[in-house]
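# Here you go, sequence then predicted model.
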Amino acid sequence: MSNVAQILRAKLNQAVYTVVPDASVFEALTIMAEKNIGALPVVSLGQLVGIVSERNYARKVALAGRASRDTPVADIMDERVWRVTPHDSRERCMALMTEKRVRHLAVIDDGRLAGLISIGDVVKDTIAEQQFTIDQLERYIAGVRG
């Protein structure tokens, strides 16, 4: 069973990109596009204060007829950020994401933001573990028959 630390290590891009509340939504979208990510933790004075995602943009800027260059991230971010630690299990992450209907979890280690995991990261880890089990069973069966 994997934990959050293992999921973070398996990510291709382990860097933690953030944005400040005063940044424009356009700036946040630019970072997300350049880094091919769907959400950014919002950090102020070293503290996690929210999360902004493509979904926030779609619902609170594009559909509301606002301008992304004139709208600060603070106006559209979710202030409630669900958090896990590196020691939490993949199953806990899946349960939390399902229960809270969120796609991203902030990883907090010793009081600091250590990363962000997405539902895609959790699913990828689940599939990798299942594939490993299948491979082991196929080897076992081949060995028994051989």
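Now that the structure is in, tell me what you want to look at.
# Could you use CA atoms for every contact and neighbour count after this?
Noted.
# chain center to the longest helix along the chain: distance?
Using DSSP state H, we find that the single longest helix of the chain is helix 119-145. Distance of helix 119-145 from the chain centroid (C-alpha atoms, centre = their mean, to the nearest Å) equals 24 Å.
# And the strands in the chain, which stretches?
39-44, 47-53, 83-84, 104-109, 112-118 (DSSP state E).
# can you put the ones you listed in JSON lines and add mean neighbour count?
Formatted as JSON lines, those follow (neighbours: other C-alpha atoms under 10 Å):
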{"stretch": "strand 39-44", "mean neighbour count": "22"}
{"stretch": "strand 47-53", "mean neighbour count": "21"}
{"stretch": "strand 83-84", "mean neighbour count": "18"}
{"stretch": "strand 104-109", "mean neighbour count": "20"}
{"stretch": "strand 112-118", "mean neighbour count": "19"}
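# Reformat these as a markdown table; add distance to Ser68 and mean pLDDT.
A markdown table is the format used below for those (distance: least, C-alpha to C-alpha, whole Å; pLDDT from 0 to 100):
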| stretch | distance to Ser68 | mean pLDDT |
| --- | --- | --- |
| strand 39-44 | 15 | 97 |
| strand 47-53 | 13 | 97 |
| strand 83-84 | 27 | 98 |
| strand 104-109 | 22 | 97 |
| strand 112-118 | 24 | 95 |
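# Throw those into CSV and include distance to Ile127, thanks.
CSV is the format used below for those (distance: least, C-alpha to C-alpha, whole Å):
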stretch, distance to Ile127
strand 39-44, 23
strand 47-53, 25
strand 83-84, 21
strand 104-109, 18
strand 112-118, 14
